[in-house]
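Undergrad: What follows is a predicted protein model with its sequence.
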Amino acid sequence: MNIFFIIVISIIATASFNCSANEIKTLKGFTMGNNFKVTWSEENITADRMNELSNRINNKLKHISQSMSTWNSNSELSKINSGSQLNNIELSPELAKVIDSSLKLNQLTEGALDITVAPLIQLWGFGVSGIIENAPSDSEIETVKKLTGAEKITIKDRKLQRYHKDVSIDLSAIAKGYAVDVIAAILEENNIENYIVDIGGELKLKGNKSNKPWTVGIDKPFAYSSGQIEVIEPGNKGIATSGNYRKYFESNGKHYSHIINPITGKPVQHTVVSATVISDSCMKSDGLATAFMVLPVNKSLEIANNNNLSIMIIEDKFGKLTTHYSNSFKQYIN
């Protein structure tokens, strides 16, 4: 999910865990342009253990940001994007994993998730270059599109190849989900079985509360009304939601979403306003949620059902919200 998206997932009744001897601890902070919150329970948490977990989580988040941020000019990814090297670019293991996963999701979604759209994001004023006042012309879009496309990068044995020095990568649609998975892994390495990791609304859950599964509410899109449109029991899963109604700009009376369609080179213009994905990996859910914002509803459902993906799409039909579910999503509805 893009880093600008408003949180549309809420955790219901998170204040109680099964064992009365357990303590509930919460770590909060800011990473990759988003708030994060890690909540877990365990028995008899000492100050030293709390400090150790806090340091490890914060250090890992800093490391991921230093590797994958496009807003930090000194990050590993920014140096690659601004550099002139095209072949055999040695990547850190984490960056290689996320780029490789993104390319696989690009194939799964028939090009809808494309991490090479960075030049288009800049062109439309949603990147580090800042906000624009007027929409770019078709000729400007076509010129920039020549520098995009997943086929313009390859990765093998942690070595990246770029088609052109101006081909650049933006991982904002998937990096937060990866960070959620990594923090969840840290908790599990420390034998923590009941937890929720939340970075900007991307979630990874495990365990239960009061002998009951975690319950998650999916809020109605902010621009329409308040309250929850659906309540789910995801189990031990990663969840991500993407939407197009909070970050945008207007030019000549026209609304332009921050989610770019890599095929057209323009912000998405169809009726989909929100997409939620549940999977074992929050990174996968994160990337797919963005892709299903780009695709038409029928194509998203076709891909989801053919690949046993759990998705929920909210569509605006003439001002009325309509929800669509893949076959495997329905099992999670409370």
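TA: All right, it came through fine. Numbering: from 1, shown residues only.
Undergrad: gap between L205 and A184?
TA: Applying C-beta to C-beta, to the nearest Å, the value for L205 to A184 is 9 Å. (Each C-beta comes from the backbone N, C-alpha and C, glycine too.)
Undergrad: Tell me how far I141 lies from L123.
TA: 7 Å.
Undergrad: Of these two, give the one with the bigger neighbour count.
TA: The neighbour count for I141 versus L123, taken as other C-beta atoms under 10 Å, is higher for L123 (22 against 16).
Undergrad: how many other residues sit next to W214?
TA: 23.
Undergrad: Kindly provide the distance from it to L203.
TA: 9 Å.
Undergrad: Mutual contacts of L205 and A184, please.
TA: Common contacts of L205 and A184 (C-beta atoms under 8 Å, 6 or more residues apart in numbering): Y195, V197.
Undergrad: Which helix or strand contains I99?
TA: helix 93-108 (DSSP states H and E).
Undergrad: same question for that helix, mean pLDDT?
TA: Taken as a whole, helix 93-108 has a mean pLDDT of 98.
Undergrad: what packs against it?
TA: helix 47-68, strand 153-156, helix 175-189, helix 282-294 (3 or more C-beta pairs under 8 Å, 6 or more residues apart in numbering; DSSP states H and E).
Undergrad: Could you say which of those is packed most deeply?
TA: helix 282-294 (a mean of 29; mean count of other C-beta atoms under 10 Å).
Undergrad: What is the subsequent helix or strand relative to it?
TA: helix 297-306.
Undergrad: Using PDB, list the CA coordinates for the helix or strand just after that next one.
TA: As assigned by DSSP H and E, the chain's next helix or strand after helix 297-306 is strand 310-317. Output of strand 310-317 as PDB, limited to C-alpha atoms (Å, rounded to 0.1, in the frame of the first residue of the first chain):
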ATOM      1  CA  SER A 310      -8.600 -13.400  -0.200                       C
ATOM      2  CA  ILE A 311      -9.700  -9.900  -1.200                       C
ATOM      3  CA  MET A 312     -12.500  -7.500  -0.500                       C
ATOM      4  CA  ILE A 313     -13.100  -4.600  -2.900                       C
ATOM      5  CA  ILE A 314     -15.300  -1.500  -2.100                       C
ATOM      6  CA  GLU A 315     -16.700   0.100  -5.200                       C
ATOM      7  CA  ASP A 316     -18.500   3.500  -5.600                       C
ATOM      8  CA  LYS A 317     -21.500   3.000  -7.800                       C
END
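Undergrad: With distance to E23 added, can I get the helices and strands packed on helix 93-108 in a markdown table?
TA: What follows is those, written out as a markdown table (distance: least, C-beta to C-beta, whole Å):
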| stretch | distance to E23 |
| --- | --- |
| helix 47-68 | 9 |
| strand 153-156 | 43 |
| helix 175-189 | 14 |
| helix 282-294 | 25 |
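Undergrad: Need the distance between the two termini of stretch 73-86.
TA: Taking C-alpha to C-alpha, to the nearest Å as the measure, stretch 73-86 stretches 19 Å from start to finish.
Undergrad: Now tell me what touches it from outside.
TA: Applying C-beta under 8 Å, 6+ apart, the set of residues contacting stretch 73-86 from outside is 65-70, 72, 89, 91-92, 95, 118, 160-165, 168-169, 171.
Undergrad: List buried residues within those residues.
TA: Listed as buried from the contacts of stretch 73-86 are 65, 67-70, 72, 89, 91, 95, 118, 160, 162-163, 168-169, 171; burial here means 16 or more other C-beta atoms under 10 Å.
Undergrad: Can you tell me which of these comes closest to I218?
TA: L171 (24.5 Å; C-beta to C-beta).
Undergrad: List just the nearest of the buried ones among the contacts of stretch 73-86 to N190.
TA: For the buried ones among the contacts of stretch 73-86, the nearest to N190 is S65 (21.9 Å; C-beta to C-beta).
Undergrad: any idea of the pLDDT on the closest one?
TA: For S65, the model assigns a pLDDT of 94.
Undergrad: same question, N305
TA: 98.
Undergrad: Kindly report the same for K212.
TA: 77.
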